[in-house]
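**Student:** Provided below are the primary sequence and the corresponding predicted coordinates.
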Amino acid sequence: MTDQLLDYAGRYADAHADRTGVAVTPVDGLVVLRETAPTMLQYAVSKPLVALVLQGGKRVTMGSSTFDFGAGDSLLITTDVPTVSQITTASRALPYYSLVLELDPAIIADLVGEIGPVPFEADRPVRIDPTEAEVADAALRLLRLLDRPGTLAVLGPQLSRELHYWLLSGRHGGAIRALGVTGSHAQRVARAVVMLRAHYAEAMKVEALAEAAGMSLSAFHVHFRSITSLSPLQFQKQLRLIEARRRMLALGEAISDAAYGVGYESVPQFTREYGRMFGQPPARDIRQARTQMGAAA
């Protein structure tokens, strides 16, 4: 089963991956990733997703926790959380391949309603577990539809729903279930995260975030940190710095323009906080990243 899934995913990625290694599929929220060499560190704020690693190896760091995983493992991210990732094992002969599915809260809520009340957990926003046979089987049948576009509109939604069902029923289920339980701490904190992502460049009062989450200020602080591993202020700071780095690297913005554009009022403060997060000042970091990108190309 795993060999067949690797074969289908690999062939699709080889044919459709763009220069960043991402092969978008016609299935909403489903992509295949491909890399032919270890990558530099990649900073992002991921949406809730599951990634089935089919070949190669990867490392993901969230806060003080680091996870190394490879073929046969699944990475689960259950909330919008800043992560640092790196492909650690990949080559032209044996590329890194993974199948990534963004979790659909609407499908999860519907399935939770049908399955009924079952204990859920949301204490770890990132976790690694072996990929289960039912999940791999549903993913394989979904990928097979890509060779028959006429069937995708009819069978695609139900196979995507089945894939969510097996994820809910398996090792990941307790954490995923929290995304579909109305009024759960995970859902409430998610509302505050949406607000932070939309207004990351603005001065945000924690009281406003707590109100959006429908929590008291003290409860909000506790549950926000429990679910994201960060305080609201740290979360906003990382959002700003990751976006500033993207602007300088991808858009060529000057350091001062990127700093002011993401909400900083002081370039020296931006430079200090950037160095603490990325390990070196912005000018040196961007220069090094461009050199590595050029070498990879």
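**Tutor:** Alright, I've got the coordinates. Note that the structure is predicted; figures quoted are calculated from it, not measured.

**Student:** helix or strand right after the helix or strand hosting residue 192?
**Tutor:** Element membership of residue 192 [criterion: DSSP states H and E] is helix 185-198. Under the assignment DSSP H and E, the closest C-terminal helix or strand after helix 185-198 is helix 206-213.

**Student:** Just the angle for the next helix or strand after that next one relative to helix 185-198, thanks.
**Tutor:** Sequence order places helix 217-228 as the next helix or strand after helix 206-213, per DSSP H and E. Orientation of helix 217-228 against helix 185-198 (axes from the mean of the first three to the mean of the last three Cα atoms, to 10 degrees) gives an angle of 90 degrees.

**Student:** what helices or strands is helix 217-228 leaning on?
**Tutor:** Counting contacts by 3 or more Cβ pairs under 8 Å, 6 or more residues apart in numbering; DSSP states H and E, helix 217-228 packs against helix 185-198, helix 206-213, helix 232-246. In this view, the C-beta of every residue, glycine as well, is placed from N, C-alpha and C.

**Student:** repeat that for 7 Å
**Tutor:** If you count contacts as 3 or more Cβ pairs under 7 Å, 6 or more residues apart in numbering; DSSP states H and E, helix 217-228 packs onto helix 185-198, helix 206-213.

**Student:** Lowest mean pLDDT across those helices, which one is that?
**Tutor:** Mean pLDDT values for those show the minimum at helix 185-198, a mean of 87.

**Student:** Now do that helix: distance to the chain's middle.
**Tutor:** Its chain's C-alpha centre and that of helix 185-198 lie 15 Å apart, by Cα atoms, centre = their mean, to the nearest Å.

**Student:** List the buried residues of it.
**Tutor:** For helix 185-198, the neighbour count (16 or more other Cβ atoms under 10 Å) marks 185, 186, 187, 188, 189, 190, 192, 193, 195, 196 as buried.

**Student:** Partner strands of the strand or helix carrying residue 61, with direction?
**Tutor:** Taking DSSP H and E as the criterion, the element that holds residue 61 is strand 57-62. Partner strands and pairing direction for strand 57-62 (DSSP bridges) are strand 65-70 (antiparallel), strand 81-89 (antiparallel).

**Student:** Report the rounded mean pLDDT for that strand.
**Tutor:** Average pLDDT, strand 57-62: 90.

**Student:** Return that strand as PDB; C-alpha atoms alone will do.
**Tutor:** Provided in PDB are the C-alpha atoms of strand 57-62 (Å, rounded to 0.1, in the frame of the first residue of the first chain):
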ATOM      1  CA  GLY A  57      13.200  12.800   6.100                       C
ATOM      2  CA  LYS A  58      12.200  16.100   7.700                       C
ATOM      3  CA  ARG A  59      12.700  18.100  10.900                       C
ATOM      4  CA  VAL A  60      10.200  20.500  12.400                       C
ATOM      5  CA  THR A  61      10.700  22.800  15.400                       C
ATOM      6  CA  MET A  62       8.000  24.500  17.300                       C
END
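
**Student:** Let me see the residues that make contact with that strand.
**Tutor:** 66-70, 75, 81, 83-89, 125-126, 229 (Cβ atoms under 7 Å, 6 or more residues apart in numbering).

**Student:** Please apply the same query to stretch 158-175.
**Tutor:** Applying Cβ under 7 Å, 6+ apart, the set of residues contacting stretch 158-175 from outside is 27, 50, 76, 78, 101, 104, 107-108, 111, 115, 119-122, 124, 127, 129, 132, 134-135, 138-139, 141-142, 145, 176-177.

**Student:** Specify the angle between the helix holding residue 192 and helix 232-246 in degrees.
**Tutor:** Interaxial angle, helix 185-198 versus helix 232-246 (the same axes, to 10 degrees): 50 degrees.

**Student:** Kindly supply the ChimeraX command isolating those of the contacts of strand 57-62 that are buried.
**Tutor:** Entered in ChimeraX, the line below selects the buried ones among these, by 16+ other Cβ under 10 Å:
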select :67,69,70,75,81,83,84,85,87,89,125,126,229
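
**Student:** Make JSON lines out of the strands paired with strand 57-62 and add mean pLDDT and distance to residue 204.
**Tutor:** Shown next, in JSON lines, are the strands paired with strand 57-62 (pLDDT from 0 to 100; distance: least, Cβ to Cβ, whole Å):
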{"stretch": "strand 65-70", "mean pLDDT": "89", "distance to residue 204": "26"}
{"stretch": "strand 81-89", "mean pLDDT": "89", "distance to residue 204": "16"}
